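# can you look at this prediction? I've put the sequence above it.
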Amino acid sequence: MKTNDNMMSDVEPLSRRQRDRGEHPITTAATCARKRVAGVFPDPHPTLRATLSRWESEKPSIRMQPVVRLALYALAALLAGCSGNPPPPSSSTTPHDVTLTKEQQKSIHVITVEPTQYRTTITTTGVVDFDHDRATDVLAPFAGAVTRVLVTLGADVKKGQALAMVASPDFTVAAGAYRKALLAAKAADAVASNDRDLYAHQAISQRENAEAQAAAASADADRDAALQTLVALHVDPGTLADIRAGKPAAHEQAMIRAPIAGTVVEKSIAPGQTLAAGTTPCFTIADTSKMWVMAQVFGDDVARVRAGDHATIAMGDGAKPIDGTVTNVGAVVDPDTRSVQARVSVDNPGGVLKKQMYVTVRIQSHDGHNGLLVPVSAVLRDDENLPFVYVVQPGGGYARRSISLGTRVGDRYLIPSGLHAGDKVVADGSIFLQFIQSQ
């Protein structure tokens, strides 16, 4: 048989001493198998063990048949593994309910979960910038060399205030052209007025009168164009009045003037520097009483933010947060940060917000929602880092309940699943329960 062949292959050759004792290969194989079975099942079922012993004592023929004895021991081992006493159970990893004494219950606080209206709050970072509707870069309106800078960095200026003086040939040419245009227009207007009177008395022809009127209109247009050139060069009204009156200008140098009222936040020129018309940056003037905060909004939060939402700006120095309003949500995703910029307009009392300052921005959604909320202190995590809370059981115990976490709303979490209205949840003292449960 196959079984005997396998058994015989495990039998080592008998020594002389074994042969003298009359040991048989089959007997030796049975003994080895019995030892192996005993090694795997060291404690066979007591009933089977007694039965085998009784058979061996009452039926010597069985003892003389090693194959039968081997089969019985194998059967005993098999039955011992199937129907013997089970090994002591290992400690269960399933958490059990926690029961507390009345004294211990004073260490926890329980709340009843009910649907609550809430508004989502998004916390992100932002960068302070000037309000671009209240800030402007001042470029050199004409070419020339800077002779004097009249303001310092940080100075508050009014609209039209002189910022720097420039020796500019552009100004000299424009001023001369305006003087010539004034004289030409004055002469042409006088001729046109005289010809109009002569034509009324039929002293000149209609053609001559029309030519005089056209010449006067052309001269007036040249005068106005020359005036606009000086205005574009930021010539002050006093200098223009002197030119109209035929007086020499108080100075023949051009002035760079402030186009808006605000604070000089950047100064880029110095005396002796040569300016190129329309390209050289000279100053940046900004009204810093209002600023913009460009907040970064990521992923699903973009859909929760819209213009009109309330926002608070925290500088991280312990000062009181500043209120603001979302005025625009960008339509382009930044390829570097994969975020969308939300622009927050905020008052800047005392000038505490500076350009390029990093701040924390909290944007509260304008729309309200309903859901189940639990305090942050109620939520714990298990060995697999999954969130759970302790729920009061009908019998008075406290059991773990797995939950899913949604948006954080202040010091509470939205619970999309795992809890139902009316559930009693341990809000404070959850760690105490977890400690008791782990003992």
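Yep, that arrived.

# so where is this structure shaky, pLDDT-wise?
For the chain, the stretches with pLDDT under 70 are 1-95, 248-252.

# and the residue positioned nearest the centre of the chain, what does it touch?
Nearest to the mean C-alpha position of the chain, by CA atoms, centre = their mean, lies Thr124 at 4.5 Å. Neighbour list for Thr124: 295-298, 301, 360-361, 363 [criterion: CB atoms under 8 Å, 6 or more residues apart in numbering]. No exception for glycine: its C-beta is placed from N, CA and C like everyone else's.

# do Gly371 as well
Going by CB under 8 Å, 6+ apart, Gly371 touches 115-116, 118, 406, 414-416.

# pretty sure Gly160 sits against Ile260.
No. Checked against CB atoms under 8 Å, the pair Gly160 and Ile260 is beyond contact range at 9.5 Å.

# which other helices and strands does the host helix or strand of Ile313 contact?
Using DSSP states H and E, Ile313 sits within strand 310-314. On a contact count with 3 or more CB pairs under 8 Å, 6 or more residues apart in numbering; DSSP states H and E, strand 310-314 meets strand 290-298, strand 322-329, strand 339-347, strand 358-364.

# looking at the ones you listed, spot the one closest to Ala175.
strand 290-298 (38.2 Å; CB to CB).

# can you list the buried residues in the closest one?
290-297 (16 or more other CB atoms under 10 Å).

# what sits up against that strand?
122, 124-132, 134, 305, 311, 313, 324, 329, 334, 337-348, 353, 355, 359, 361, 363.

# which stretches of the stretch 301-439 of the chain form strands?
All strands of the stretch 301-439 of the chain, identified by DSSP state E, counting those that start in this stretch, fall at 310-314, 322-329, 339-347, 358-364, 369-375, 380-381, 387-392, 398-402, 408-409, 412-414, 424-428.

# Serialize those strands to a markdown table and add fields for distance to Val138.
Shown next, in a markdown table, are the strands of the stretch 301-439 of the chain (distance: least, CB to CB, whole Å):
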| stretch | distance to Val138 |
| --- | --- |
| strand 310-314 | 28 |
| strand 322-329 | 25 |
| strand 339-347 | 24 |
| strand 358-364 | 28 |
| strand 369-375 | 48 |
| strand 380-381 | 57 |
| strand 387-392 | 57 |
| strand 398-402 | 63 |
| strand 408-409 | 46 |
| strand 412-414 | 50 |
| strand 424-428 | 59 |
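
# indicate which one of these is closest to Gln104.
strand 398-402 (10.5 Å).

# what's the closest one packed up against?
On a contact count with 3+ CB pairs under 8 Å, 6+ apart, strand 398-402 meets strand 387-392.

# the strand it packs on to strand 369-375, inter-axis angle?
80 degrees (axes from the mean of the first three to the mean of the last three CA atoms, to 10 degrees).

# roughly how far is strand 387-392 from the heart of the chain?
Averaging C-alpha positions (CA atoms, centre = their mean, to the nearest Å) puts strand 387-392 29 Å from its chain's average.

# cool, and stretch 348-365?
Stretch 348-365 sits 16 Å away from the centroid of its parent chain (CA atoms, centre = their mean).

# first vs last residue of that stretch, how far apart are they?
Terminal residues of stretch 348-365 lie 23 Å apart, using CA to CA, to the nearest Å.

# who touches it?
Contacts for stretch 348-365 (CB under 8 Å, 6+ apart): 119-130, 265, 288-291, 293, 295, 297, 304-305, 309-316, 319, 321-322, 326, 342, 344, 346.

# picking that back up, is the residue nearest to the centre of the chain in a helix, a strand, or coil?
At Thr124 the chain is in strand, as set by DSSP: H, G, I helix; E, B strand; the rest coil.

# quick one: it from Ala175, how far?
54 Å (CB to CB, to the nearest Å).

# ditto for Lys186
Between Lys186 and Ala175 the distance is 17 Å, computed by CB to CB.

# now Lys158
For Lys158 relative to Ala175 (CB to CB), the value is 24 Å.

# which ones are touching the closest residue in space to Asp97 that isn't next to it in sequence?
Spatial nearest neighbour of Asp97, chain neighbours left out: Gly397 (3.7 Å); criterion: CB to CB, 6 or more residues apart in numbering. Contacts for Gly397 (CB under 8 Å, 6+ apart) come out as 97-99.

# and what of Arg343?
By CB under 8 Å, 6+ apart, Arg343 lies in contact with 292-295, 326-330.
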